[in-house]
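1. Show me how the following folds:
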Amino acid sequence: MIVIATVLILNGVAIGSDPYNYAELWNSWSVVTKNAYLDGLTDGIIYGSTESHIKYTGTNKADIKSKDFQKFQKALQETVLYFENDSLIKVIDELYKDSSNSFISWRDVAVLARDKLKGKSIEQSLIKARQMAIQLHEINEKQKTK
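-> Sure, this is the predicted structure:
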């Protein structure tokens, strides 16, 4: 997280009236920074999901053989980016070459990359992610005028 904040500051990210261009910053990052982002995203997903599961179900880490925890593990596998970062980075780089994907968040494009590596068709998901990026921008712009 510190790496990302530092990169944002060093690149002089400004709040403007255009949607945030995630591709532009992603493409400026070194492979080391891209790896750090993906590692942090994966760690965050695993930690946040595990802690939430434990908190809301009362299951603790010692109960890993319980059916409830096994169901959780299966669900977690659907959300984790369990491919090598190098493979994910190649697909993310490819997706961000299309300017219509520039405003899709890094998190969302990483999930799209994972799904593509799984062999899933991502065309409909890409359309939804583009629409969501526009909707989020519109919401943010409305909030600025309040």
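2. Residue 124: how many residues sit nearby?
-> Look at residue 124: counted by other CB atoms under 10 Å, it has 8 neighbours. C-betas here are computed from N, CA, C, even on glycine.
3. What separation is there between it and residue 116?
-> 13 Å (CB to CB, to the nearest Å).
4. what does residue 100 give?
-> 16 Å.
5. The two: which is more packed in?
-> Neighbour count, other CB under 10 Å: between residue 100 and residue 116, residue 116 has more, with 20 against 12.
6. wait, that one sits on residue 126?
-> No: counting by CB atoms under 8 Å, residue 116 does not reach residue 126; the two are 9.6 Å apart.
7. Now for those two: what residues contact both?
-> residue 95 (CB atoms under 8 Å, 6 or more residues apart in numbering).
8. Next, the buried residues of stretch 83-95.
-> 83, 85, 88-89, 91-92, 95 (16 or more other CB atoms under 10 Å).
9. what's in contact with that stretch?
-> 26-27, 31, 34-35, 38-39, 81, 101, 104, 106, 109-110, 112-114, 116-117, 126.
10. Helices - which of those land there?
-> Judged by DSSP state H, the subset of the contacts of stretch 83-95 located in helices is 26-27, 31, 34-35, 38-39, 106, 109-110, 112-114, 116-117, 126.
11. Which residue is the nearest non-sequential neighbour of the residue minimising distance to the centre of the chain?
-> Compute the mean C-alpha point of the chain, and by CA atoms, centre = their mean the closest residue is residue 107, 1.3 Å away. Leaving aside its chain neighbours, residue 107 sits nearest to residue 41 (6.3 Å; criterion: CB to CB, 6 or more residues apart in numbering).
12. what's the burial count for the one you found?
-> 18.
13. got the angle for the strand or helix carrying it vs helix 106-117?
-> Assessed by DSSP states H and E, residue 41 sits inside helix 31-57. Angle, helix 31-57 to helix 106-117, by axes from the mean of the first three to the mean of the last three CA atoms, to 10 degrees: 90 degrees.
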